[in-house]
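In: A predicted structure for the sequence below; I have some questions about it.
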Amino acid sequence: MSMSTRKRREQRKSERSASPSSSLKRSADTVAATMASAGNDENNAVMPRAVLESMQKNRARDVFSMAAFCLLPTVLIIVNKGFVDGDGVSVRNMDSGAMKILLLALFTSLLAYKTTIRLIPIVARRTLGKRNMYGLDINKKGTKMGEIAIPEALGLASGCAVLVALVVGRTLHTAFILRERKQGKLENSGESEHNAALATIGFMLFLGFVDDVLDLPWRAKMILPGFAATTLAQSYQGSTSIVVPHIFRENVRLVLDALDSMPIVRDILPTGVDKKSGLMDVGYMYIAFIWLLAVFLSNAINIHAGLNGLECGQSLVIASGIIALNVWSLLTDPTSDVVVGPHVFSLLLIAPFFAATVGLLKQNWYPSAVFVGDSYTYFAGMTLAVAGILGHFSETLLLFCLPQVVNFLYSIPQLFKLVPCPRHRLPRFDTQTGLLSPSKATETRYNMNLVTLFLRVFGKTTERKLCLRLLAFQVACVVFTFAARYVFIAFVHWK
């Protein structure tokens, strides 16, 4: 360890130990009490315990309402396609294999949720009480809530819960469903994808926690996800072909024929477009696309952040869209295998993630009792990427993440230091009104991110309302994606 690193750590410890005990109250009892002092003496608490308990109830109410809203389309799909026939008569017409997959997804989801709830206070005690890892809510600076030490890196709890649920789910899937289908012969269908998914997600969870502890530089955050994405791209066994719409097929053929005379270009570009199906095999170009998509999503959730519940909230909405798409394909697509296949794999992966995110969001929603940290944002981004890529709908996943794409494109000048970029691009909090207003990087230039843009367009508002507006935009993009898929499939034959 270099002397400069040692000095920085000693300086941090001295600053934290020098903080007056009256200004920062910590809790190691339960997460619900992280906004109170250690112990049960209400007189020493920053805020009355009754107020904290009321906040906890409000958080749980809001989160369960959001989760129910997000899962409503999936429930309607299951009821309509699995238990109601075309005449509206209530009958059970769901394949037994599909029913087992849905029940397995439900079981692993409950396991992930319960494990997350169990691990959150344990991780909070370790990070806050023993490792002195805490943060202050900058969006509440100047208030009593802004003086509370909030435990960080709680994404570690949900990440570990998801990994445990994935291992249990894969074991049950192999031991009971696949064995039964093959009459006692073990089928290893999807084993390489599952192992690659565990390795990739575990790598990003580890990277996020290391970043929470060591505060890695941005160049490391941009480079290291590429190694995890490489493992994911190497395990991809799906098609590398895309369907060219009718209106573009002839023009694409002309361009490819013109470039066919160039030896180097000919080896890289597709060979042609099938006249009947419109399929065009892009080969390694598609592998490069999914590699870039995985790297992008690993950082996209982390960039689009800064409000209580925003990181978990956007992940919850995207995951609900993935669940609905997988269930729809499982119950309606005649070419989809109801026991194995990409949609089954994606569903069994994303369902536990959704449940674990609900458990974490109960403590991270406004006003936050815990901070999820980079442990969650990197883990969540890569989990969504794995579910979409190995589920063979990476293009749809990209449309689900339109807010993240817009935020990244809008932030490029600051991210690449073309214009001044402060460490925190958070809104400015007015202690008199309790409202957030757009922040500035300089006296004349606003910060360039979606949070600031929404404040500039819609005006000052509270942190909770601003987060809800951003999540409503995320929901609108998911709905738009389903509408676009329907239009392309029905009229343009995009897929």
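Out: On my side now, so go ahead. Note that the structure is a prediction, hence the values are computed from the model and not measured.
In: and the pLDDT for residue 134?
Out: In this model, residue 134 is scored at 90, pLDDT.
In: how many residues are close by it?
Out: Residue 134 has 21 neighbours, counted by other Cβ atoms under 10 Å. Yep, even glycine has a C-beta here, placed from its N, CA and C like the rest.
In: so how far is residue 164 from it?
Out: Distance check for residue 134 against residue 164: by Cβ to Cβ, to the nearest Å, it reads 26 Å.
In: again, but for residue 319
Out: Per Cβ to Cβ, residue 319 is found 18 Å from residue 164.
In: same question for residue 118.
Out: Residue 118 is 11 Å from residue 164, by Cβ to Cβ.
In: settle it for me: which of these two has more neighbours?
Out: The residue with more neighbours, out of residue 118 and residue 164, is residue 164; 18 against 12, by other Cβ under 10 Å.
In: for that one, give me its contacts.
Out: By Cβ atoms under 8 Å, 6 or more residues apart in numbering, residue 164 lies in contact with 111-112, 115.
In: most neighbours among those, which one is it?
Out: Among the contacts of residue 164, residue 112 has the most neighbours (other Cβ under 10 Å), with 29 neighbours.
In: what comes up buried for the helix or strand containing it?
Out: Per DSSP states H and E: residue 112 is located in helix 96-124. Of all the residues in helix 96-124, those buried under the rule 16 or more other Cβ atoms under 10 Å are 97-98, 100-102, 104-105, 107-109, 111-113, 115-117, 119-121, 123-124.
In: walk me through the domains of this protein.
Out: The chain is divided into the following domains under automatic domain parsing: 24-240+283-492, 241-281.
In: most packed of the ones you listed?
Out: Across the domains of the chain, the average number of neighbours (mean count of other Cβ atoms under 10 Å) peaks for domain 24-240+283-492, which reaches a mean of 19.
In: how far away from the center of its chain is that domain?
Out: 3 Å (Cα atoms, centre = their mean, to the nearest Å).
In: by mean pLDDT, which helix or strand of this protein comes out lowest?
Out: Within the chain, no helix or strand scores below helix 3-18, which has a mean of 45 by mean pLDDT, DSSP states H and E.
In: quick one: whichever helix in the chain runs longest to helix 96-124, angle?
Out: Ranked by number of residues, the top helix in the chain under DSSP state H is helix 49-82. Here helix 49-82 runs at an angle of 170 degrees relative to helix 96-124 (axes from the mean of the first three to the mean of the last three Cα atoms, to 10 degrees).
In: now helix 49-82: average pLDDT?
Out: Helix 49-82 comes out with an average pLDDT of 92.
In: what is that helix packed up against?
Out: Helix 49-82 sits against helix 96-124, helix 310-332, helix 342-364, with contacts defined as 3 or more Cβ pairs under 8 Å, 6 or more residues apart in numbering; DSSP states H and E.
In: could the ones you listed go into JSON lines alongside distance to residue 256 and mean pLDDT?
Out: As requested, the helices and strands packed on helix 49-82 are exported to JSON lines (distance: least, Cβ to Cβ, whole Å; pLDDT from 0 to 100):
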{"stretch": "helix 96-124", "distance to residue 256": "40", "mean pLDDT": "95"}
{"stretch": "helix 310-332", "distance to residue 256": "31", "mean pLDDT": "96"}
{"stretch": "helix 342-364", "distance to residue 256": "28", "mean pLDDT": "96"}
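In: from what I can see residue 484 touches residue 399, true?
Out: Yes. Using Cβ atoms under 8 Å, residue 484 makes contact with residue 399 at a distance of 6.5 Å.
In: residue 108 is in contact with residue 350, isn't it?
Out: No. The pair residue 108 and residue 350 does not pass the contact test of Cβ under 8 Å, sitting 10.5 Å apart.
In: Three-state assignment for residue 280, please.
Out: strand (DSSP: H, G, I helix; E, B strand; the rest coil).
In: that one and residue 274, how far apart?
Out: 7 Å.
In: same thing with residue 369?
Out: Counting by Cβ to Cβ, the gap from residue 369 to residue 274 is 56 Å.
In: out of the domains of the chain, which gets the lowest mean score?
Out: Lowest mean pLDDT within those: domain 241-281, at a mean of 72.
In: and the end-to-end length of that one?
Out: For domain 241-281, the first and last residues are 4 Å from each other (Cα to Cα, to the nearest Å).
In: what of stretch 129-142?
Out: In stretch 129-142, first residue to last residue: 24 Å (Cα to Cα).
In: identify the residues contacting it?
Out: For stretch 129-142, using Cβ under 8 Å, 6+ apart, the contacting residues are 13, 16, 24, 26, 28, 38, 127-128, 145-153, 212-213, 306-308, 367-368, 371, 424, 426-427, 429, 431, 436, 463.
In: surely residue 83 and residue 99 touch.
Out: No. Contact criterion Cβ under 8 Å: residue 83 and residue 99 do not qualify, at 10.4 Å.
In: related to what we said a few turns ago, partners of whichever helix or strand comes after the helix holding residue 112 in the sheet?
Out: The helix or strand immediately downstream of helix 96-124 is strand 134-135, counting by DSSP H and E. Strand 134-135 pairs in its sheet with strand 150-151 (antiparallel), by DSSP bridges.
In: right, and the helix or strand after the strand it pairs with?
Out: That would be, after strand 150-151 and using DSSP H and E, helix 155-172.
In: between that next one and helix 342-364, how many degrees?
Out: Between helix 155-172 and helix 342-364, the angle comes out at 150 degrees (the same axes, to 10 degrees).
In: CA-only coordinates of helix 155-172 in CSV, if you can.
Out: Presented in CSV, the C-alpha positions along helix 155-172 are these (Å, rounded to 0.1, in the frame of the first residue of the first chain):
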residue,chain,number,x,y,z
GLY,A,155,-27.1,-4.0,-3.0
LEU,A,156,-24.8,-6.8,-1.7
ALA,A,157,-27.8,-8.2,0.1
SER,A,158,-30.1,-8.4,-2.9
GLY,A,159,-27.2,-9.6,-5.1
CYS,A,160,-26.4,-12.5,-2.8
ALA,A,161,-30.1,-13.4,-2.5
VAL,A,162,-30.5,-13.5,-6.3
LEU,A,163,-27.4,-15.7,-6.8
VAL,A,164,-28.7,-18.2,-4.2
ALA,A,165,-32.1,-18.3,-5.8
LEU,A,166,-30.6,-18.9,-9.2
VAL,A,167,-28.6,-21.9,-8.0
VAL,A,168,-31.6,-23.3,-6.2
GLY,A,169,-33.8,-22.7,-9.2
ARG,A,170,-31.4,-24.3,-11.6
THR,A,171,-31.0,-27.4,-9.3
LEU,A,172,-34.8,-27.8,-9.1
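In: now the angle from that helix to helix 310-332?
Out: Using the same axes, to 10 degrees: helix 155-172 against helix 310-332 is 20 degrees.
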